[in-house]
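Asks: Prediction below, plus the sequence it came from.
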Amino acid sequence: MVLAAGLGTRMRPLTETIPKPLVKVAGKPLIDHVLDRLAGTGVERAVVNVHHFADQMQQHLAHRKHPQVVISDERGLLLGTGGGNQLFDGAADILSDSLTAAESANPYLTPALPQLITDSFTINGTLVNTGLANQLKQVARLIEARAALGVKRQFFMVNIGGWDTHSNILTNQNNLFGQVGPAMRAFYNYTVNAGIANQVTTFTMSDFNRTFIGNQSLGTDHAYGGNHLVVGGAVKGGDMYGTYPTLVLKGPDDTGSNGAWLPTTGVDQIGGTLANWFGMPAADIDYAFPNLANWSAAQRNIGFV
C-alpha cells in the first residue's frame, strides 16, 4: 500500500494546487518514482489512498498498468501525519501472530504423510492426489497436531478454482466435480477414522453461481443463488435446507431472464448456523454476521448442524 493521502503542508506552496505525490522530482511525479520501484521488484498490485486533490490523483493513476493500482478513496477520512500507521497496527499484530503460528505448524506439515491420513485418502486402491485433496491432507495434519499446537478450535480454508465456466461447461464442470467429490469423501473418511467426525464440519462456499440456461459458447454466465454442501458427523444430513427455486425462466425466482435464481437462504444464515455449532457467543455471531438482523430469531439458525 502506498500512503498518498496527506495534505503536503510542509511542501507548500507547491501543494496548494496539486497533491504532494504529483510533485515532480527529476521530471517525474513522486508517486511514479514509488510505483516504478514497486513494479521493478515484481509487485503486481498496489493500493494507493487518496484525499488531497483526489481527483487529480485518480486521473493520473487511471491508466497505470504496472503495477495495477487500486484506489482507496479517503476524502471523508484524514488521519494526519503517519495516520496510515493507525490502520496497520492491528494488522501487524495479526500478521505477527500468524507468522508465529506458521512457524509452530511447519514441523507437522513437512514429514512423510501419516499412515492414518494416507489410508483415509486412498479410495479404491488409489491415493487421491488432486490439488484440493492435497490441501485437505495438510488440514488433516494440523488437526492431528492440535494438542501439540495447543489449540482448542481450528478453522481452515481450502480452495479450488475454475468455476467461471463461460465455455465448455460440461467438460469443465465434470472435471471439477471429479476433484471435489473424492477429496471431500477422503477428508470425511479421515475424520471418521480419526474418531473426530462429530467435531469436524466441512462446507462449501462461493461468491457467485451460474445461470440455468447456457450461452453460445456451450457455457453459462454469472448468476446469483446456488447450492452448497455441508458434510460432517454432526450434520443433520440427507436433507435439503432452504426453499428450492421455481425453475421457470422469467418466473417468480428468476432475477433476469436466463435463470439467475434469487436465493432464499442468506450467507449470514449459513455462517451464523455454523458459528453457533462452533461455539461462538450469540453477541459475537450478531457482530460477525450483521445481516442476521433482517431475519427473525427462528430463521437465523437453519438447523442443519
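Replies: Received the coordinates, thanks. Numbering: from 1, shown residues only.

Asks: going forward, measure contacts and count neighbours with C-alpha atoms only.
Replies: Will do.

Asks: Spell out which residues make up each domain of the protein.
Replies: Per automatic domain parsing, the domain ranges recorded for the chain read 2-82, 113-264.

Asks: so how far is the shortest one off the chain centroid?
Replies: Translated: domain 2-82. 28 Å (C-alpha atoms, centre = their mean, to the nearest Å).

Asks: what pLDDT, on average, does that domain get?
Replies: For domain 2-82, mean pLDDT is 87.

Asks: same question, the longest one
Replies: Averaging pLDDT along domain 113-264 gives 94.

Asks: Quick one: end-to-end distance for that domain.
Replies: End-to-end distance for domain 113-264: 42 Å, by C-alpha to C-alpha, to the nearest Å.

Asks: Need the domains of the chain in TSV (columns: mean neighbour count).
Replies: Putting the domains of the chain into TSV (neighbours: other C-alpha atoms under 10 Å) gives the following:
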stretch	mean neighbour count
domain 2-82	16
domain 113-264	16
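
Asks: right, and those domains - which one's nearest Ser98?
Replies: Ser98 sits nearest to domain 113-264 of all the domains of the chain, at 13.0 Å, using C-alpha to C-alpha.

Asks: picking up where we left off before, could I get the domains of the chain in JSON lines, plus columns for distance to Leu274?
Replies: Formatted as JSON lines, the domains of the chain follow (distance: least, C-alpha to C-alpha, whole Å):
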{"stretch": "domain 2-82", "distance to Leu274": "33"}
{"stretch": "domain 113-264", "distance to Leu274": "8"}
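
Asks: and Thr15, what does it touch?
Replies: Leu7, Gly8, Thr9, Val23 (C-alpha atoms under 8 Å, 6 or more residues apart in numbering).

Asks: Could you tell me the phi and psi values at it?
Replies: When read as degrees, to the nearest 10, the backbone of Thr15 gives phi -100, psi 20.

Asks: Could you report the distance from it to Gly8?
Replies: According to C-alpha to C-alpha, Thr15 stands 6 Å off from Gly8.

Asks: Quick one: closest of the domains of the chain to Ala102.
Replies: domain 113-264 (10.4 Å).

Asks: just how off-centre is that closest one within its chain?
Replies: Computed by C-alpha atoms, centre = their mean, the chain-centroid distance of domain 113-264 equals 14 Å.

Asks: same deal with stretch 92-109?
Replies: Chain-centre distance of stretch 92-109: 19 Å, with C-alpha atoms, centre = their mean.

Asks: And it, what's buried?
Replies: Neighbour-count burial for stretch 92-109 flags Ala105, Tyr108, Leu109 (criterion: 16 or more other C-alpha atoms under 10 Å).

Asks: Next up, the contacts around the second one.
Replies: Contacts of Tyr108 were listed using C-alpha under 8 Å, 6+ apart, and they are Arg141, Leu142, Ala145.

Asks: Arg45: which of those is nearest?
Replies: Distance ranking of the contacts of Tyr108 against Arg45, using C-alpha to C-alpha, places Leu142 first at 31.6 Å.

Asks: Tell me the helix or strand right after the helix or strand in which the closest one is found.
Replies: Per DSSP states H and E: Leu142 is located in helix 131-144. Using DSSP H and E, the helix or strand that follows helix 131-144 in sequence is helix 146-149.

Asks: what sits up against that following helix?
Replies: Defining contact as C-alpha under 8 Å, 6+ apart, one finds that helix 146-149 is touched by Ser104, Ala105, Lys152.

Asks: ok, those residues vs Ile302, which is closest?
Replies: Here the nearest of the contacts of helix 146-149 to Ile302, counting by C-alpha to C-alpha, is Lys152; it sits at 25.0 Å.

Asks: Roughly how far does the nearest residue to the closest one once chain neighbours are set aside sit from Ala140?
Replies: Distances taken as C-alpha to C-alpha, 6 or more residues apart in numbering place Arg146 nearest to Lys152, at 7.3 Å, with adjacent residues excluded. Arg146 sits at a distance of 10 Å from Ala140 (criterion: C-alpha to C-alpha).
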